[in-house]
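Engineer: Fold the stuff below for me.
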Amino acid sequence: MRAPRIGLVIGALSLTGSATAADNNMWGVGGGLGTMAFPGAYPAIWPSRVNTFDVDGDGDPECCKPNGDDLETTLEKVRGDVRITGEGYYWLDRTGRVGGYANVDTGNGFTDASLVLKYDRRLVGKAQDSFGIYLGGGLGFGSATFKGLTEAGEVDPAENAERLVLNYFPARIEATPFINFNDKWALQPKIWGGLNIPSGHRWMVDGEEVEGIQGTLFNYVAIGIDVGFLYGDFSPPPPDKRKGGNKGKTGGKGKSGGGKHKG
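Structural biologist: Below is the predicted model of the structure:
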């Protein structure tokens with residue numbers, strides 16, 4: 001996924017939030033920064049053939065370095081990534097909301113872009129409270145690229161440098177504290193975990209694609225932390241507007257007034 005597409009997604013989320021400002025439901029759009037906290041180096045496990053540098057698929061590493069040792073992958077696991085997030089939410093009622101966020105993640109020899117659509121439900125605090133905790137999750141799609149590094153730890157500039165492209169479906173579970181300072185601004189830290197389920201790999205070695213690379217559900221497991229701000233309308237609709245007001249009470253009085261007259 002290219003960066004322009006991420007920009008379009010963020011713009012669409014913003015327009016969605018603005019369009020809902022006229023109704024009684026809460027909404028918010030914003031962004032933030034984050035990073036992966038687990039594993040310490042991502043991915044947790046390379047696909048087996050990449051890990052052993054088995055290019056021809058015979059089960060053995062390729063040979064050989066000048067000293068006679070087996071060749072090894074030049075790909076490095078990611079440490080110290082930085083995620084930039086754009087997100088938007090629309091409250092369906094006083095406790096549940098739908099939303100989505102787009103991420104661009106970078107590290108040494110690593111780039112990643114993804115989009116996740118999600119649903120959250122407020123489990124702690126009431127809609128009118130300034131603090132609450134949401135629990136939810138979502139699904140999406142994304143693409144990541146790992147580039148080979150030189151012995152100096154820099155991205156290999158050669159055209160035929162090793163490269164691994166991963167297309168995947170992110171599955172997320174998230175716990176999100178929500179702190180609204182007023183009716184317009186809110187702080188939203190987030191702890192998330194999940195799997196990047198591989199849908200395809202493209203492994204390039206010496207300028208040629210290596211066929212048959214497969215991953216598992218647990219190759220790309222990750223846990224991360226994001227901190228972001230939202231701008232929107234965080235004044236919850238009055239309960240009576242969403243539940244029919246005092247119709248029940250009014251109806252009760254009407255029924256009493258219209259009772260049979262003795263005699």
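
Engineer: can you map out the helices along the stretch 101-250 of the chain?
Structural biologist: In the stretch 101-250 of the chain, the helices defined using DSSP state H, counting those that start in this stretch lie at 239-242, 247-257.

Engineer: per-stretch mean pLDDT over those helices, give me the minimum one.
Structural biologist: Per-stretch mean pLDDT for these is lowest at helix 247-257 (a mean of 45).

Engineer: Centre-most residue in the protein?
Structural biologist: Val116 (5.1 Å; CA atoms, centre = their mean).

Engineer: Could you find the closest non-adjacent residue to that one?
Structural biologist: In space, and not counting its chain neighbours, Val116 is closest to Gly140: 3.6 Å by CB to CB, 6 or more residues apart in numbering. All C-beta spots, glycine's among them, are computed from the backbone N, C-alpha and C.

Engineer: ditto for Arg122
Structural biologist: Thr95 (4.4 Å).

Engineer: Report the contact partners of that neighbour.
Structural biologist: Applying CB atoms under 8 Å, 6 or more residues apart in numbering to Thr95 gives the contacts Arg121, Arg122, Ala127.

Engineer: Save these as CSV, and put in neighbour count too.
Structural biologist: Below are those laid out as CSV (neighbours: other CB atoms under 10 Å):
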residue, neighbour count
Arg121, 12
Arg122, 21
Ala127, 16
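
Engineer: Lowest-confidence entry in those?
Structural biologist: Where pLDDT dips furthest among the contacts of Thr95: Ala127, at 78.

Engineer: In contact with that residue, which residues?
Structural biologist: So Ala127 contacts Met26, Arg94, Thr95, Pro236 (CB under 8 Å, 6+ apart).

Engineer: As a check, name the ranges of all strands in this protein.
Structural biologist: Across the chain, reading from the start of the chain, the strands by DSSP state E fall at 27-38, 82-91, 96-107, 110-124, 131-147, 163-180, 185-205, 208-210, 221-233.
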